[in-house]
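Student: Test case, fold it:
(2 chains)
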Protein chains: 2
Amino acid sequence: MDAGGDDRAGPRVPTSFREAIAVERTLCADLAATLPPPPAAPPRLLVAGWVAHIRRLGGLAFLLLRDRTGTLQAVWEGAAGHLPAREAFVEVRGVPRAEARAPGGVELVAEQIEVLAVPSCPPPFPLHRADLPVALETLLEHRAAALRHPRERAVFAVQAALTRGFRTHLDRLGYSETHTPKIVGTATEGGADVFAVDWFGRRVHLAQSPQLYKQMLVLAGFEQVYEVAAVYRAEPHDTARHLNEYVSMDVETVLLAGGTEEALIALERELLGAMFGQVESDAAPALDLLGVRALPDPARAQVLPLQEALRVVGRPDLDPEGERRLAERVGDMVFVNEWPAAARPFYAMPDPRRPGSTRSFDLILRGLEVTTGGQREHRPAMLRRALAARGMDPGPFGAYLAAFELGAPPHGGFAIGLERLTARIAGLDNVRRASLFPRDRTRVTP
Amino acid sequence: MDAGGDDRAGPRVPTSFREAIAVERTLCADLAATLPPPPAAPPRLLVAGWVAHIRRLGGLAFLLLRDRTGTLQAVWEGAAGHLPAREAFVEVRGVPRAEARAPGGVELVAEQIEVLAVPSCPPPFPLHRADLPVALETLLEHRAAALRHPRERAVFAVQAALTRGFRTHLDRLGYSETHTPKIVGTATEGGADVFAVDWFGRRVHLAQSPQLYKQMLVLAGFEQVYEVAAVYRAEPHDTARHLNEYVSMDVETVLLAGGTEEALIALERELLGAMFGQVESDAAPALDLLGVRALPDPARAQVLPLQEALRVVGRPDLDPEGERRLAERVGDMVFVNEWPAAARPFYAMPDPRRPGSTRSFDLILRGLEVTTGGQREHRPAMLRRALAARGMDPGPFGAYLAAFELGAPPHGGFAIGLERLTARIAGLDNVRRASLFPRDRTRVTP
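Tutor: Numbering: from 1, shown residues only, chains lettered A, B, ... in the order given. Okay, the predicted model is just below:
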């Protein structure tokens, strides 16, 4: 057994990435698949990871080794004097052997253990248990330690599958991925909840959403765009559902053949179905770790006009308590449309059938708003009128309005909050748990 | 022919997204594929897009229609009195007909033209020509108009294919996609080139890179991570190669079996090969529009130590002129390694074979630095020593250093600048052309 990795910088030049990083290595989750049918000789493997646990029995030592895919048991029959501490990082070379009492029915008979790093202190909480019963504040304070726990990391396997499903489905439909600026001279909705940035001595803002940009891109001929990127809301809330920096999954598209917000609801329903399918196919072990038995079924989503939703929940507003009741009384997934113009931004399309109402919607997923969307006003004269009606200066919207003057098709879109969606899917009680390094009023570190 | 779309909000409820937005529609690029073999009757199609050009000949009108995929010719045999202006948005219903003189050998015989939007003014520059000979300033000022030109949009088809190839390749290798905060309490490299944000009365910064976070995530057990997100550099440069907000494609991975920066170079070589392959398969029409005949060949990439690179270019530093000469004298794609510690951040891994040198590299692509990367120091005592040697206060790096104290494997990574890479691939002379809405010292709008 070697004591360290400091002699690792020899003259060896790997000719391919696979040789140096991947091909020789067997992942914990793949150990069982390496067992050859008897009587073939077992292969010699390299596994690598953190020591989750060590148990001694007779002259043997059993190491539970953890990598990004899972854990395996390595049995060491050699000298036990210098076994590494928990959370040390080791490379182990050895051969697989069927062993009914080992996890997955297979263990690694270690022939060589190289310790690449030893911890200088124990982790701030026990990482080898199935649960991590630690207060949220502590989890966030010691984020890199907490994420060593497989269940904490599982949240982000679900999250990555959600974004992968989002992009894959929209790519298939011919959408363009875009990157729009988060540094803006104009606050999207004209609101006060914006963060100020000192930009070479000039005061600018962090984008609250890519709204104006995604619309300009549709009008510029992209027709269908999406973006997955951070947005910023300077809301002074300190709740389990608010982050001041979060990842917004934005969609915007032309609406042809008379399509309205109802076509957008149908699009989001299909899109979420594809995203949940991606989670089920790519993150099944993560769902198991999180104890998630079923994902919402977009085919069972309901569409309710706001007034009807309010009647069902018996509240004057669709506040957090109203959203919770909507889940209890209607279902997992409720699209609420027909929002009054006063509750929506200036660019919401009025509904010609219902004065004062708009072609907009929210999606309440398991009792939490995760999407706002709708058809947009595409007639520049009406946009100017909507700005004037709100007492907003059209000046800062010059480039936006100019894009409409050139001939703007009907269009609309929506935005899905990634952390909120992840939290609902993974069954988390606080949206912060669905952010690797959450940002709120008081937390800007780590 | 209808004059407007205001009667479009009828009671029709689409039951599926495809019905309302996509299925009925034929894209310009697909028109030729709709022609049935004779003697079958041609299908009735819906196409939609902007009127790029109108030509009258005898009693006929020929409309060149442009959508996100290309252009087609629609021939209108009806009354010519109310034909729409250039850049109007129309829905045209009709049947395809073979016509040798039309683009692609097929035209649409229009039976109904519905004008959904008319421009209130002509575009600020002619959009129907193959070229758009307009100064960069004008292009950026009128960005939504400029992007109507297919060649301007082609840049972003290439860009989207690059990011798609990046993610697809790394997903296949088992990397985790991550989202790390852009609001940070600690400047990554301890430098002065950071933007300040007012965060509820507290002064924080915009992230210069996800460096410290991606390392913490590798150490937290993700082992291999990537991120595609905006980063911010408050550099006061005003050159053709600098943006103050740009998209960084970041990679970080454990290095097993003695891997060093040479394994990372091999990884980036493979990764770029996959990304260029994605561009060739997904964005071939865009490459044609841009006049790009060949992409760089990662298999022919060279690896040169810095001192040898400097000797070849005859410069004291690898400055922009040096980078250009490297392309002329060595090749399209040159990885330069063995950088002195003084030229790299505190976290660069010293090279034990060469005192004062590090296990780091840059990639110079067609004469422009598009990547910086390297192996990182993973021994916490050495990290503290490196901070001290630079006179940097370890205090703000507390959570970062704590992640290393728990047992940190050897690791490393790199970052690719998306706009620079796009500009090199698409043959653009200014990196601003590879950004939808570029941000520089003076430009924060549109």
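Student: Can you name the residues in contact with stretch A:384-393?
Tutor: Under the contact criterion C-beta atoms under 8 Å, 6 or more residues apart in numbering or on different chains, stretch A:384-393 has outside partners A:G190, A:F346, A:Y347, A:E377, A:P394, A:F397, A:L401. For glycine as for every other residue, the C-beta is placed from the backbone atoms N, C-alpha and C.
Student: Neighbour-wise, which one of those leads?
Tutor: A:E377 (26 neighbours; other C-beta atoms under 10 Å in any protein chain shown).
Student: Surely that one is in contact with A:A348?
Tutor: Yes. Judged on C-beta atoms under 8 Å, A:E377 makes contact with A:A348 at a distance of 6.9 Å.
Student: Export the contacts of stretch A:384-393 as JSON lines, with columns for secondary structure, pLDDT and distance to A:A299.
Tutor: Supplementary listing: the contacts of stretch A:384-393 in JSON lines, determined by DSSP: H, G, I helix; E, B strand; the rest coil; pLDDT from 0 to 100; distance: C-beta to C-beta, whole Å:
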{"residue": "A:G190", "secondary structure": "coil", "pLDDT": "60", "distance to A:A299": "38"}
{"residue": "A:F346", "secondary structure": "coil", "pLDDT": "96", "distance to A:A299": "34"}
{"residue": "A:Y347", "secondary structure": "coil", "pLDDT": "97", "distance to A:A299": "31"}
{"residue": "A:E377", "secondary structure": "coil", "pLDDT": "98", "distance to A:A299": "31"}
{"residue": "A:P394", "secondary structure": "coil", "pLDDT": "93", "distance to A:A299": "43"}
{"residue": "A:F397", "secondary structure": "helix", "pLDDT": "94", "distance to A:A299": "40"}
{"residue": "A:L401", "secondary structure": "helix", "pLDDT": "97", "distance to A:A299": "40"}
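Student: Dump those residues to JSON lines, plus distance to chain B.
Tutor: Output for the contacts of stretch A:384-393, formatted as JSON lines (distance: C-beta to the nearest C-beta, whole Å):
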{"residue": "A:G190", "distance to chain B": "15"}
{"residue": "A:F346", "distance to chain B": "17"}
{"residue": "A:Y347", "distance to chain B": "15"}
{"residue": "A:E377", "distance to chain B": "12"}
{"residue": "A:P394", "distance to chain B": "14"}
{"residue": "A:F397", "distance to chain B": "10"}
{"residue": "A:L401", "distance to chain B": "10"}
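Student: now, the most widely separated pair of these?
Tutor: Spatial extent of the contacts of stretch A:384-393 (C-beta to C-beta) is set by the pair A:G190 and A:E377 at 14.7 Å.
Student: Report the secondary structure state of the residue nearest the centre of chain A.
Tutor: Centre of chain A computed as the mean C-alpha position; nearest residue by C-alpha atoms, centre = their mean is A:Q159, 3.3 Å away. Put simply, A:Q159 is helix when judged by DSSP: H, G, I helix; E, B strand; the rest coil.
Student: Distance-wise, check it relative to A:R167.
Tutor: For A:Q159, the distance to A:R167 (C-beta to C-beta, to the nearest Å) stands at 13 Å.
Student: Ok, A:L217 next?
Tutor: Look at A:L217 and A:R167: by C-beta to C-beta, they are 16 Å apart.
Student: which one of these two has more residues nearby?
Tutor: Counting neighbours by other C-beta under 10 Å for A:L217 and for A:R167 shows that A:L217 has the greater number, 27 against 23.
Student: Dig out what A:G417 forms beta bridges with.
Tutor: A:S248 (DSSP bridges).
Student: give me the number of residues near it?
Tutor: By the criterion of other C-beta under 10 Å, A:G417 has 24 neighbours.
Student: pLDDT wise, what is it at?
Tutor: Per-residue confidence (pLDDT) for A:G417: 98.
Student: List the buried residues for stretch A:74-94?
Tutor: By neighbour count with 16 or more other C-beta atoms under 10 Å in any protein chain shown, stretch A:74-94 contains the buried residues A:74-76, A:83-84, A:86-94.
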